[in-house]
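Asker: what shape does this take:
(chains A and B)
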Amino acid sequence: SQKIEQNSEALNIQEGKTATLTCNYTNYSPAYLQWYRQDPGRGPVFLLLIRENEKEKRKERLKVTFDTTLKQSLFHITASQPADSATYLCALAEDSNYQLIWGAGTKLIIKP
Amino acid sequence: NAGVTQTPKFRILKIGQSMTLQCAQDMNHNYMYWYRQDPGMGLKLIYYSVGAGITDKGEVPNGYNVSRSTTEDFPLRLELAAPSQTSVYFCASSYEGVGPQHFGDGTRLSIL
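Answerer: Modelled structure (predicted):
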């Protein structure tokens, strides 16, 4: 069956450290993958998009990698801050259509 | 810059009642989407639209209907509300089918 999985347990990270979140998928051939941030009571906010032919994408303190062999994307936040605490969602789309398939998200908690 | 606006923010319905969730965007996006988000689950696509007058079913369309008479508006209609439709509903829009999606802040709906 097709699955997209993110760690359901909250990730606790000390302020200043690098937070790494994982998104694994099975039985999909994604053309691209997106990462979003969601705060409580709010809608998701787009962060980064990475295509299948890209290994890595960066934006300020954020970095996304995409390994189609491992069927995995990693999302890194360097020099983490308490304001980075939120739930982070990954979503993928296959080339044949533009419907995003969403992971359930990982809650990130940055401790001062 | 309003982005995507959803109304109402909260609503309680009785079983069997009907209602329309409103969604409007001011970014002139052709693509619009309706999702539901249940605790511990990824966003599920209900319906989407690629332009005015064009709508199509997503993964979980049963019990819902949509219309898209203008580029700006994409209302979601619930007919004969059921407890299984208790959820948070998000509307989103995008410039491209494969591009970043912009979300509203959701409608929290309870069916009792």
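
Asker: from here on, just use CA atoms for contacts and neighbour counts.
Answerer: Will do.

Asker: phi and psi next, for the residue of chain A found nearest chain B.
Answerer: In chain A, the residue found nearest to chain B is A:Ala104; the distance is 3.9 Å by C-alpha to the nearest C-alpha. When quoted as degrees, to the nearest 10, the phi and psi of A:Ala104 stand at phi -80, psi -10.

Asker: burial of B:Tyr64, as a residue count?
Answerer: 17 (other C-alpha atoms under 10 Å in any protein chain shown).

Asker: tell me who's in contact with it.
Answerer: Shown in contact with B:Tyr64 (C-alpha atoms under 8 Å, 6 or more residues apart in numbering or on different chains): B:46, B:76-79.

Asker: and it, how far is that from chain A?
Answerer: Distance from B:Tyr64 to chain A, counting by C-alpha to the nearest C-alpha, to the nearest Å: 18 Å.

Asker: and that residue, what are its bridge partners?
Answerer: B:Leu78 (DSSP bridges).

Asker: can you measure across stretch B:54-71, start residue to end residue?
Answerer: End-to-end distance of stretch B:54-71 (C-alpha to C-alpha, to the nearest Å): 10 Å.

Asker: circling back to that earlier point, is it true that the residue of chain A closest to chain B touches B:Met41?
Answerer: Yes - between A:Ala104 and B:Met41 there is a contact under C-alpha atoms under 8 Å: 4.7 Å.

Asker: for chain A, what lies in contact range of chain B?
Answerer: Within chain A, the residues that sit near chain B (C-alpha under 8 Å from any C-alpha of the partner chain) are A:8, A:34, A:41-46, A:49, A:93, A:98-99, A:101-105.
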